[in-house]
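# Sequence and predicted structure are below.
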Amino acid sequence: LRSTYLLSIVGIVALYEIVSTMMDFQFSSSVQHFLDGDAIGEHFSLVYAITNGASLLVQLFMTSFVMTRLGVGMALLVLPFALLTGSSIFLIAPMLWTGSLLNTCDGAFAYSVNQSAKESLYVPTTLEEKYQAKAFIDMWVQRAAKAVAVGVSLLVTLWFHEFETVRWLSIATLLLLMAWIPAARHAGRRFEDYEREVLDGG
C-alpha cells in the first residue's frame with residue numbers, strides 16, 4: 001500500500017480480469033444471438049483458432065520488438081489500446097465478427113506482449129517485494145478480481161437480457177480502460193526511471 005508502483009501493478013492485474021470477463025460475455029452473446037445449432041460450436045472453434053494463431057504471431061514477431069525497441073512502458077499499453085479499439089468497434093457496430101474481434105483483441109495480446117511486460121515490472125523490485133508483493137498480487141489480487149468479474153458477469157446476465165443492450169457494456173469497458181491506461185503508464189514510467197538509474201550507475 002505504500003508503493004504506488006506496486007499499486008499500479010495491482011490495478012493492471014485487477015482491471016484486466018474484469019474487462020476480459022465483460023468482453024467474453026459480449027463475445028459469447030454475439031455468437032449465440034447470430035448463430036444456432038452446430039454453427040455455434042464451429043464458430044467458437046474458428047475464433048479460438050484465429051486468436052491462438054494471432055497470439056503466436058505476436059509472441060514470435062512483436063513482443064521482442066516492442067519490449068526492446070519501444071520499452072516496457074509502451075508494451076504495457078498494447079493490450080489496453082487493443083481492447084479499447086475492439087470495444088469501440090463493437091459499440092458502434094455490434095455484429096457477429098465485431099463481437100468475435102473482442103476475443104482476438106484480448107487473447108492475442110494478453111498472454112504474449114502484455115504478460116512479458118507485466119512480469120518485467122518485478123525486475124526493479126526488492127527481494128521482499130518479489131517474494132511477498134508479487135505472491136500477494138498473483139494469488140490474492142488476481143483471484144479476488146476474478147471473483148469480482150464473476151459477480152459482474154452474473155449482474156450482467158440479469159440486466160442485459162436482449163442482445164441489443166449488450167453493446168452498452170462497452171461503455172463500462174471503456175471507462176475501466178480509462179483507469180487501466182494511467183496505471184500502465186505510471187508503471188511504465190517508474191520502470192523506465194529504474195532503467196535510467198541502472199545505466200547512470202553503470
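Alright, I've got the coordinates.

# What lies in contact with stretch 118-132?
3, 5-6, 9, 12-13, 67, 72, 75-76, 133-134, 187, 190-191, 194 (C-beta atoms under 8 Å, 6 or more residues apart in numbering). In this view, the C-beta of every residue, glycine as well, is placed from N, C-alpha and C.

# Filter these down to just the buried residues.
For these, a neighbour count by 16 or more other C-beta atoms under 10 Å gives the buried set as 5-6, 9, 12-13, 67, 72, 75-76, 133-134, 187, 190-191, 194.

# Val141: which of these is nearest?
Set against Val141, the nearest of the buried ones among the contacts of stretch 118-132 by C-beta to C-beta is Val13 (5.5 Å).

# What is the longest helix seen in the chain packed up against?
Identified as the longest helix of the chain according to DSSP state H is helix 169-201. Judged by 3 or more C-beta pairs under 8 Å, 6 or more residues apart in numbering; DSSP states H and E, helix 169-201 is in contact with helix 4-34, helix 72-92.

# Check these for me: which has the lowest mean pLDDT.
Lowest mean pLDDT of the helices and strands packed on helix 169-201: helix 4-34, a mean of 93.

# Report how many residues lie close to Phe65.
Neighbour count for Phe65, taken as other C-beta atoms under 10 Å: 11.

# does it count as helix, strand or coil?
Put simply, Phe65 is helix when judged by DSSP: H, G, I helix; E, B strand; the rest coil.

# With Val123 instead?
Of the three states, Val123 takes coil under three-state DSSP.

# Now do it: how many residues are near it, please.
Using other C-beta under 10 Å, Val123 has 12 neighbouring residues.

# do you know which of the helices and strands packed on helix 169-201 lies nearest Phe163?
Nearest to Phe163, of all the helices and strands packed on helix 169-201, is helix 4-34, at 4.1 Å by C-beta to C-beta.
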